[in-house]
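**Q** A structural model of the following input is requested.
(one chain, ligands or ions: 1)
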Amino acid sequence: MLETVKYLIGSPGASGYGSKSTAEEVTENYCHLRSFTAIITGATSGIGAETARVLAKRGARLVLPARSPKAAEEAKARIVSEFPDSQIIVMALDLSSLSSVRKFVAEFESLDMPLNLLINNAGKFTHEHAISEDGIEMTFATNYLGHFLLTKLLLSKMIETANKTGVQGRIVNVSSSIHGWFSGDMIRYLIQISRNKSYYDATRAYALSKLANVLHTKEVAQRLEKIGANVTVNCVHPGIVRTRLTREREGMITDLVFFLASKLLKKIPQAAATTCYVATHPRLVNVSGKYFADCNETWASKQGSNSTEGARLWAASEFMVSRDAKAACDWDTYDKY
Ligand SMILES: NC(=O)c1ccc[n+]([C@@H]2O[C@H](COP(=O)([O-])OP(=O)(O)OC[C@H]3O[C@@H](n4cnc5c(N)ncnc54)[C@H](OP(=O)(O)O)[C@@H]3O)[C@@H](O)[C@H]2O)c1
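**A** Have a look, this model is predicted:
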């Protein structure tokens, strides 16, 4: 109850920021990103677009990978019209395709640029059941598995940049408090929905993908610490905000639901605040493997804090991305389950 009141009035937490803080506010006093290069996925709309706008305002050079070149060019043009000195590179990436992720990373590496920040923000929620070209349920493939491979392939570049510059690299995974709605066996459910439409429940599949984002964060943090890498990784719940995430359900009923819930909703500049805070604030140097909401550290769900689940998900993810580029994932050959 007290937490809800604090949320509604935007009362600041230990960080000095709260639910009503905006991305501009949390970056304004501390943040000079002139020498930083950031990759932000899903920057064509919503939270990612605002994150990109504010990091560009603070001087970061941006790489915006997107599945629609037109949408990405439009996003770039919007930022450049506001901040004409911005350096923004648009590249092709469909996160639901492992081969597209590999191609993007190869193209990014060919540019020979440093990489300080990786913001894994792109996401989808869909009532339509679909399977990716790699044989994985589409929400999971997009929200989690593509980012798993992207992070894995970009880590050495981030570690190298941090070593060369002495500036800590940061990865931010955009999850959701909905991760706590998933209960049950993650891998079993993933296999079920990757094989059979009848098991598909859009909200459960979305919650599974967001739980995977949380577990991935904690697992990567442990691995980075073990190898002494000067790169941190944290995850965030941005808050609930009306974006194109609900694009399939646009109409009067959705308008009404959003109107009735309007007091609980954030505006997009507020929803991008936690990502920008975690990506840039000096207070978070050496903070890794944590979960943030409203610009403050908070607790992930019990399942999201379970390192055994994290290790299990990691093994399954390695299995999924290790498939031959043309062969869809064959779970019959997965012996660790
Ligand atoms: N909105 C909320 O209330 C809320 C709450 C909690 C968490 N989140 C999370 O916040 C993140 C941003 O969502 P949003 O609300 O800003 O939604 P949004 O406006 O729909 O933005 C989603 C972004 O992801 C991109 N994307 C989707 N599928 C992709 C793919 N296969 N490959 C590459 N990019 C892809 C979209 O690009 P296109 O232009 O190509 O579609 C778009 O840029 C998501 O991870 C979401 O789960 C949102």
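
**Q** when you work out contacts or count neighbours from here on, use the C-alpha atoms and nothing else.
**A** Noted.

**Q** now C276. Nearest residue, chain neighbours left out?
**A** In space, and not counting its chain neighbours, C276 is closest to A23: 5.8 Å by C-alpha to C-alpha, 6 or more residues apart in numbering.

**Q** beyond the lowest-mean-pLDDT helix or strand in the chain, next helix or strand please.
**A** Here the helix or strand of the chain ranked lowest by mean pLDDT, DSSP states H and E is helix 252-260, holding a mean of 69. Sequence-wise, the next helix or strand downstream of helix 252-260 (DSSP states H and E) is helix 268-271.

**Q** quick check: the residue nearest to C276 touching A272?
**A** Yes. At 5.4 Å, A23 counts as touching A272 under the criterion of C-alpha atoms under 8 Å.

**Q** looking at the two, which is more packed in?
**A** A272 (32 against 25; other C-alpha atoms under 10 Å).

**Q** mind checking how far that one is from the ligand?
**A** Applying C-alpha to the nearest ligand atom, to the nearest Å, the value for A272 to the ligand is 9 Å.

**Q** ok, now N306?
**A** From N306 to the ligand the distance is 21 Å (C-alpha to the nearest ligand atom).

**Q** dump the residue contacts of that residue.
**A** Applying C-alpha atoms under 8 Å, 6 or more residues apart in numbering, one finds that N306 lies in contact with L215.

**Q** how near is it to N116?
**A** Distance of N306 to N116, computed by C-alpha to C-alpha, to the nearest Å: 28 Å.

**Q** repeat for V220
**A** For V220, the distance to N116 - C-alpha to C-alpha - is 16 Å.

**Q** what do you get for D85?
**A** 19 Å.

**Q** looking only at neighbour counts, state which of these two leads.
**A** Neighbours were counted for D85 and for N116 using other C-alpha under 10 Å; N116 has more, 27 against 13.

**Q** is the residue nearest to that one when sequence neighbours are not counted bridged to anything, and to what?
**A** Spatial nearest neighbour of N116, excluding adjacent residues (C-alpha to C-alpha, 6+ apart): G169 at 4.7 Å. Beta-bridge partners of G169, counted by DSSP bridges, are V231.
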